[in-house]
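# Give me the fold of what follows.
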Amino acid sequence: LACNPEFFTDVIEMIFIPEKDNREQQITDEQRQRAVLGYRLLRSWHTTPGSPGLPEGPNLPAWVAAARAQLTERKLLRSGDQFIGQVLSQTPEDPDGTWPGLQVREIIEKARSRDLEQGVSISIFNSRGVTWRALDTGGQPERALANKYQAYAQRLATQWTRTRRMLLRTAEDWDRMARQ
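The predicted structure follows:
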């Protein structure tokens, strides 16, 4: 997946119906099984395109551009963007502690896609996993996460407006969970 944006697009196509396709479709058991397996494959994918140690393939911005072009052509951009966002959320901080890193910020700003940004946020939320604590502990873990994403947002200059807003929304979501 990380080396081949066309394969990524093929998997998205196995799972989702193209946008604005209102035709009634009969889905066979084989198609349903392929969709389940494709979804499992995407959920288990944790290797960012362009990562060190990968076989020859496109760098992250080139991979995203190619995938988004193919998704657009197949009318699957909204669904695909959410999964692209989930992959982008797994990238490390820049050496100076800024997150997301420069390449990811540039992708977010250029794409201008709420679906991609939502994919990042969903992945951040899901990466925490299942939690449990006593009733009297309050929302301290969630407040700490809200502060973390607030700090990430504050590190970004006005140049990264979409990325900053995405991080602020994520911080607000964690803060809201802390109050529940």
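# Mind checking what secondary structure P55 has?
Classification of P55 using DSSP: H, G, I helix; E, B strand; the rest coil returns coil.
# Might you list the low-confidence residue ranges for the protein?
133-134, 136 (pLDDT under 70).
# rerun at 80
The chain contains residues with pLDDT under 80 at 21-25, 52-57, 129-138, 157, 180.
# Distance from the chain centre to stretch 131-147, please.
Centroid separation for stretch 131-147 versus its chain: 24 Å, with C-alpha atoms, centre = their mean, to the nearest Å.
# who's in contact with N4?
G57 (C-beta atoms under 8 Å, 6 or more residues apart in numbering). Every C-beta, even on glycine, is put in place using the N, C-alpha and C of the backbone.
# typed the wrong thing, it's W63
W63 neighbours (C-beta under 8 Å, 6+ apart): A2, P5, P49, G50, G57.
# Now with 10 Å, please.
1-5, 8, 48-50, 57, 84, 87, 107 (C-beta atoms under 10 Å, 6 or more residues apart in numbering).
# what does T47 give?
L1, A2, C3, G53, L54, V87, Q90.
# that older thread, from the contacts of W63, which would you call buried?
Buried by 16 or more other C-beta atoms under 10 Å: L1, A2, C3, P5, F8, T48, P49, G50, I84, V87, I107, out of the contacts of W63.
# so which two of those are the farthest from each other?
Maximum pairwise distance in the buried ones among the contacts of W63, criterion C-beta to C-beta, is 17.6 Å, between C3 and I107.
# all strands of this structure, in order?
In chain order, the chain shows no strands, with DSSP state E as the criterion.
# for it, which helix is longest?
Longest helix in the chain, counting residues (DSSP state H): helix 161-179.
# So which of the contacts of W63 are in helices?
Per DSSP H, the contacts of W63 map to helices at P5, F8, I84, V87, I107.
# For the longest helix of the chain, buried residues please.
Buried, per 16+ other C-beta under 10 Å, within helix 161-179: 162-164, 166-168, 170-171, 173-175, 177-178.
# Compute the number of surrounding residues for R23.
Neighbours of R23 under the rule other C-beta atoms under 10 Å: 6.
# separation between it and I17?
9 Å (C-beta to C-beta, to the nearest Å).
# now swap in Y39 and tell me
From Y39 to I17 the distance is 14 Å (C-beta to C-beta).
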